[in-house]
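Peer 1: Whatever this is, show me its structure:
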Amino acid sequence: MGPTTPCATLLLSGSHRALSAGSHSLRYLVTMTVSGPGLRDSHVFIVAYMNYMQFMRFDSDGTTQRIQARGPWVKQMGPAYLEMERRKVESYSHRAQENLRFAIQVYNQSDNASHTFQCLIGCNMGPDRRLLRGHHRHAFDGSYYIILNSDQKTWTEADSTAQITQRQWKAEGVAEWLLRHLEIGKETLQRSEPPPPWPVVGITVGVVLLGVIIIGALIAIVMTRKKRAGREGIGSCCQA
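Peer 2: All right, here's what the predicted structure looks like:
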């Protein structure tokens, strides 16, 4: 798989905009594909962009299955940073797999076919190190699924089926928790000490905090849906 796919371009096009002087952006694009009986064969591809330039990638089908630094400055961040990236890759991979299975249930799709789930997560930071906005976009099988709006308070669903996810997130308080973590990330980015030469670590903290609660919340939603499916049949996942 190449660094971007048509669906990847779709997700990135909505978040890649010209940056004002002194501003910075960080994006993680996670692609999970599955195929074979029971979704047996899976592939994870993760690309990270700093100011729209690729600086890290991971390919589960690669020979080493290790994070590949795409710029000399990344290696200068030190082993602790690379270890943080490794753990983040593990978390994003696990979350993408759970999200894909949940989307297959919601859309009542076969688990014997090939499917793709993508997630774009990131944020923009201003010259004063303030968090300008967070990004969280999902796409399933090549189409938008659900997107966090620029007001950081509401979501846009691609169709009536995706509204099931939005309602479930609302019931579970996902939006409120996400906003709380955005605020925590904002405080981190507003610290008064001089910024590092590359503000990746500061922005990454905000991105990680943004993603952590989604990981737990979506896994909880998946488990809830599985329990309901066991009682009522998987077709109930598509009921309003």
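
Peer 1: quick one: low-confidence ranges for the protein?
Peer 2: Within the chain, the set of residues satisfying pLDDT under 70 comprises 1-19, 63-65, 129, 152, 158-240.

Peer 1: mind redoing it with 50?
Peer 2: 1-7, 9, 15, 174, 177-178, 181, 188-223, 225, 230-240 (pLDDT under 50).

Peer 1: All the strands of it, residue numbers only.
Peer 2: Ranges of strands in the chain, per DSSP state E, are 24-35, 41-50, 53-59, 68-69, 115-125, 131-140, 143-148, 155-157.

Peer 1: Nearest approach to Ala103 belongs to which of these?
Peer 2: For Ala103, the closest of the strands of the chain is strand 131-140, at 4.4 Å, according to Cβ to Cβ. Yep, even glycine has a C-beta here, placed from its N, CA and C like the rest.

Peer 1: Pull up the pairing partners for the closest one, direction included.
Peer 2: In the sheet, strand 131-140 lines up against strand 115-125 (antiparallel), strand 143-148 (antiparallel) (DSSP bridges).

Peer 1: Export those as CSV, with columns for distance to Ser93.
Peer 2: Listed next are the strands paired with strand 131-140 as CSV, based on distance: least, Cβ to Cβ, whole Å:
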stretch, distance to Ser93
strand 115-125, 11
strand 143-148, 18
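
Peer 1: Please identify the most buried of the ones you listed.
Peer 2: strand 115-125 (a mean of 23; mean count of other Cβ atoms under 10 Å).

Peer 1: Compute the inter-axis angle for that one and strand 41-50.
Peer 2: Orientation check (axes from the mean of the first three to the mean of the last three Cα atoms, to 10 degrees): strand 115-125 against strand 41-50 gives 20 degrees.

Peer 1: now the angle between strand 24-35 and strand 115-125, please.
Peer 2: 170 degrees.

Peer 1: Arg86: how many residues sit nearby?
Peer 2: 13 (other Cβ atoms under 10 Å).

Peer 1: any chance of the strands of the chain in JSON lines, plus distance to Glu83?
Peer 2: Below are the strands of the chain laid out as JSON lines (distance: least, Cβ to Cβ, whole Å):
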{"stretch": "strand 24-35", "distance to Glu83": "16"}
{"stretch": "strand 41-50", "distance to Glu83": "15"}
{"stretch": "strand 53-59", "distance to Glu83": "13"}
{"stretch": "strand 68-69", "distance to Glu83": "13"}
{"stretch": "strand 115-125", "distance to Glu83": "20"}
{"stretch": "strand 131-140", "distance to Glu83": "24"}
{"stretch": "strand 143-148", "distance to Glu83": "28"}
{"stretch": "strand 155-157", "distance to Glu83": "33"}
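
Peer 1: right, and those strands - which one's nearest Lys88?
Peer 2: In terms of Cβ to Cβ, the element of the strands of the chain nearest to Lys88 is strand 24-35, at 7.7 Å.

Peer 1: Does anything pack onto that closest one? Which helices or strands?
Peer 2: helix 6-13, strand 41-50, helix 79-106, strand 115-125, helix 200-232 (3 or more Cβ pairs under 8 Å, 6 or more residues apart in numbering; DSSP states H and E).

Peer 1: Counting neighbours, which bits of it end up buried?
Peer 2: 24-34 (16 or more other Cβ atoms under 10 Å).

Peer 1: I'm done for today, thanks for sticking with me.
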